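Participant: sequence and predicted structure below; questions after.
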Amino acid sequence: MFIDKVKVRIKAGKGGDGMIAFRREKYVDKGGPSGGDGGRGGSVYFTAKSGLTTLLDFKYKRKIIAEDGGKGMGKNCNGKYANDIIINVPIGTIVLDDVSGRIIADFKNNGQTELIAKGGRGGRGNAKFATSVNQVPRIAENGEPGEEIDVTLELKILADAGLVGFPSVGKSTILASVTAAKPEIADYHFTTLSPNIGVVKVKDGRSFVLADLPGLIEGAHNGKGLGLSFLRHIERCRILLHVLDISGSEGRDPLKDFEIINNELENYKMRLMERPMVVIANKMDQDGSQENLERFLKKYKDKYKVFPISALKKSGFDDLLYYIADTLIETPEFSLIDVKEKSRGYIYEYKGDTPGFVIERTGQNQFEIKGERIEKLYKMTNISDDQGFMYLTSTMRKMGIEKALKDKGAKDGDTVNLLDFSFTYYE
Ligand SMILES: Nc1nc2c(ncn2[C@@H]2O[C@H](COP(=O)(O)OP(=O)(O)OP(=O)(O)O)[C@@H](O)[C@H]2O)c(=O)[nH]1
Ligand SMILES: [Mg+2]
């Protein structure tokens, strides 16, 4: 089975909580704070591996969860660092963030490794909170939550040149004629249901990767026929080889076929028509092909390079293959990621832009504090302890939350909510 699109939930491990402990030693009358830090939570990485060709493994692995870090311990012992998880993906996999729809990683090279969800930092133990003023700190941080993200993985075939065109025009026959691949060939439509790949060895020693793609029909960009899933694969081809049944053996006019397919490619969002296109006029051995070829050349010869061939008779290939190899030298790879949007670290950059907190009035005497930074601070603070509570409130003051509440019109006695925590506002 060829799986080329899956949704996966990824959860990095939470950092371990810091520990509150004090040294008790026989000859030391006042033991100092000795609570260790929590260990870091496990992160989730993906790494591209050659030899893998489908995302089938993910069909049964819809959730990837890394371990939490160990809790800090007494005697200044830090909690255990959790192991990271490294998942292998095929080259050509892209990872999209389901919320924003953006590409967060694009695996092009063997061994390329990207961080997908970062494990939480361990909370600091009370030993870290000792100051000259407070030598018996009764506060420790909870571990930072691990990142959680829903992603879609898509596998795109990476090929130098891709054969596109209506069903049954001879795309698979071409692949079988010039490479060692053995795709299924038949005279019914949609014989090819998933891409086939082969390596073409040109007579002068050069080589390139050729992809035989499933047939397209009118309306493909709206999902008709095998539709979008296959237009997606075309994105990764540097050169498009537009195959026509120039004999019109199925009763269609090849000139019309050409327009319909170009229109589909044009309407698909990935600017497919911007890459070089070579026209292959196939089935030249059939009656009527010469007249059609002449009509086609009359209309298009200034715009497109056209190669008449017969895939069945294996004739006409040499010039075509040299031409493709030459064109590939001049054609850059099309990147799927906008230059402005770097793949690595993108998620974190994005989070950095969010404000530390926002305050909303939720009722006449009620306010709510929201925001990633303040929520994280709250989750990391052990407020059941007096000193922890003080730490939270003093940090909130430092962040400007008290002032912001006042500016929003908070009065003494109003209720303020922060996640599941509520407190009464006093100026
Ligand atoms: N006469 C003739 N028939 C050909 C030629 N090339 C392919 N065919 C025939 O056309 C039919 C379709 O060929 P395929 O290679 O399966 O076509 P395809 O474009 O891969 O079709 P789909 O996979 O359905 O999109 C088969 O019966 C082939 O034998 C050719 O040059 N001349
Ligand atoms: Mg085919």
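Facilitator: The structure has been received and is ready for your questions. Ligands and ions are numbered 1, 2, ... in the order given.

Participant: mind listing the helices for the protein?
Facilitator: Secondary structure of the chain (DSSP state H): helices at 56-59, 171-178, 227-234, 254-267, 289-300, 317-330, 346-352, 372-380, 386-398, 401-407.

Participant: any idea which of the ones you listed gets closest to ligand 2?
Facilitator: helix 171-178 (3.2 Å; C-beta to the ion). C-beta here means a position set from N, CA and C on the backbone, and glycine is covered the same way.

Participant: for that closest one, name the packing helices and strands.
Facilitator: Here helix 171-178 touches strand 159-164, strand 196-201, strand 207-212, strand 237-245, strand 277-282, helix 317-330, going by 3 or more C-beta pairs under 8 Å, 6 or more residues apart in numbering; DSSP states H and E.

Participant: picking that back up, comparing the helices of the chain, which comes out most buried?
Facilitator: Mean neighbour count (mean count of other C-beta atoms under 10 Å) peaks for helix 171-178 among the helices of the chain, with a mean of 23.

Participant: what about that one, near ligand 2?
Facilitator: Yes. Counting by C-beta under 5 Å from the ion, ligand 2 is contacted by helix 171-178 at residue 172.

Participant: buried sites along stretch 411-427?
Facilitator: Of the residues in stretch 411-427, 414, 416-418, 425 count as buried by neighbour count, 16 or more other C-beta atoms under 10 Å.

Participant: let me know the closest of those residues to residue 36.
Facilitator: Nearest to residue 36, judged by C-beta to C-beta, of the buried residues of stretch 411-427 is residue 418 at 28.0 Å.

Participant: quick one: the helices and strands packed on helix 171-178 as TSV, columns for distance to ligand 2 and mean pLDDT too.
Facilitator: Putting the helices and strands packed on helix 171-178 into TSV (distance: least, C-beta to the ion, whole Å; pLDDT from 0 to 100) gives the following:
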stretch	distance to ligand 2	mean pLDDT
strand 159-164	8	89
strand 196-201	8	84
strand 207-212	6	87
strand 237-245	10	93
strand 277-282	12	97
helix 317-330	17	91
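
Participant: so among the buried residues of stretch 411-427, where is pLDDT lowest?
Facilitator: Ranked by pLDDT, the buried residues of stretch 411-427 bottom out at residue 425, which has 85.

Participant: you'd agree residue 314 is up against residue 173?
Facilitator: No. Using C-beta atoms under 8 Å, residue 314 is not in contact with residue 173, being 9.5 Å away.

Participant: out of the helices and strands packed on helix 171-178, which is closest to ligand 1?
Facilitator: Across the helices and strands packed on helix 171-178, ligand 1 has its closest neighbour in strand 277-282 (5.0 Å, C-beta to the nearest ligand atom).

Participant: now the closest one and helix 254-267, what's the angle there?
Facilitator: Relative orientation of strand 277-282 versus helix 254-267 (axes from the mean of the first three to the mean of the last three C-alpha atoms, to 10 degrees): 150 degrees.

Participant: mind giving me the packing neighbours of strand 277-282?
Facilitator: Counting contacts by 3+ C-beta pairs under 8 Å, 6+ apart, strand 277-282 packs against helix 171-178, strand 237-245, helix 289-300, strand 305-308, helix 317-330.

Participant: quick one: closest of the ones you listed to residue 97.
Facilitator: Taking C-beta to C-beta, strand 237-245 is the member of these nearest to residue 97, at 25.2 Å.

Participant: relative to helix 171-178, how tilted is the closest one?
Facilitator: Interaxial angle, strand 237-245 versus helix 171-178 (the same axes, to 10 degrees): 110 degrees.

Participant: residue 203: neighbour count?
Facilitator: 10 (other C-beta atoms under 10 Å).

Participant: that should have said residue 164, apologies.
Facilitator: Close neighbours of residue 164, defined as other C-beta under 10 Å, add up to 28.

Participant: correct me, but it touches residue 239?
Facilitator: No. Residue 164 is beyond contact range of residue 239, at 10.5 Å (criterion: C-beta under 8 Å).

Participant: what residues does the stretch 101-250 of the chain have near ligand 1?
Facilitator: Residues of the stretch 101-250 of the chain found near ligand 1 (C-beta under 6 Å from any ligand atom) are 167-173, 185-187, 189-192, 214-215.

Participant: please redo it, this time with the cut-off set to 5 Å
Facilitator: Residues of the stretch 101-250 of the chain lying close to ligand 1 (C-beta under 5 Å from any ligand atom) are 167-173, 185, 187, 189-192, 215.

Participant: next, format the residues you listed as a markdown table and append pLDDT and distance to residue 357.
Facilitator: Shown next, in a markdown table, are these (pLDDT from 0 to 100; distance: C-beta to C-beta, whole Å):
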| residue | pLDDT | distance to residue 357 |
| --- | --- | --- |
| 167 | 90 | 57 |
| 168 | 92 | 61 |
| 169 | 96 | 60 |
| 170 | 95 | 63 |
| 171 | 94 | 57 |
| 172 | 94 | 59 |
| 173 | 95 | 64 |
| 185 | 89 | 63 |
| 187 | 85 | 66 |
| 189 | 83 | 59 |
| 190 | 81 | 55 |
| 191 | 81 | 59 |
| 192 | 80 | 55 |
| 215 | 83 | 55 |
